[in-house]
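Novice: No letters, just coordinates:
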């Protein structure tokens, strides 16, 4: 196989992956647009600026305030440190 043929196959594979990711993103955008009125109603009823129900994510705070090891505390075998973690189920596959 010539190197140019191999390069063409790799580029074609990457373009196919890109097209698949684009299609998946469009599907997620349509699903979000369907739920947008509900999200706006909930945030207006609760008086929130955004749909933020739990604020215990310490790694989203300013780096000067958070612990240096906080981003590494969330992994599949990690113990749940916060009580609201028991209220939410993992997101389902769309």
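Specialist: The structure has been received and is ready for your questions. This is a predicted model, so every value here is computed, not measured.
Novice: neighbours around residue 47, how many?
Specialist: Using other CB atoms under 10 Å, residue 47 has 6 neighbouring residues. Where you see a C-beta, it was placed from the backbone N, CA and C, and this is true even at glycine.
Novice: nope, residue 24 is what I was after
Specialist: Residues lying near residue 24 (other CB under 10 Å) number 11.
Novice: ok, now how distant is it from residue 31?
Specialist: Residue 24 is 11 Å from residue 31, where distance means CB to CB, to the nearest Å.
Novice: And for residue 16?
Specialist: For residue 16 relative to residue 31 (CB to CB), the value is 23 Å.
Novice: Check residue 12 too.
Specialist: 29 Å.
Novice: Next one, pLDDT for residue 37 please.
Specialist: Note for residue 37: predicted pLDDT of 89.
Novice: Mind telling me what element it is part of?
Specialist: helix 3-46 (DSSP states H and E).
Novice: quick one: low-confidence parts of this protein?
Specialist: Within the chain, the stretches falling below the threshold (pLDDT under 70) are 48-91, 94.
Novice: okay, now the domains of it?
Specialist: Here the domain parsing of the chain from automatic domain parsing is 1-50, 54-87.
Novice: Go ahead and report the secondary structure state at residue 93.
Specialist: For residue 93, the assignment made with DSSP: H, G, I helix; E, B strand; the rest coil gives coil.
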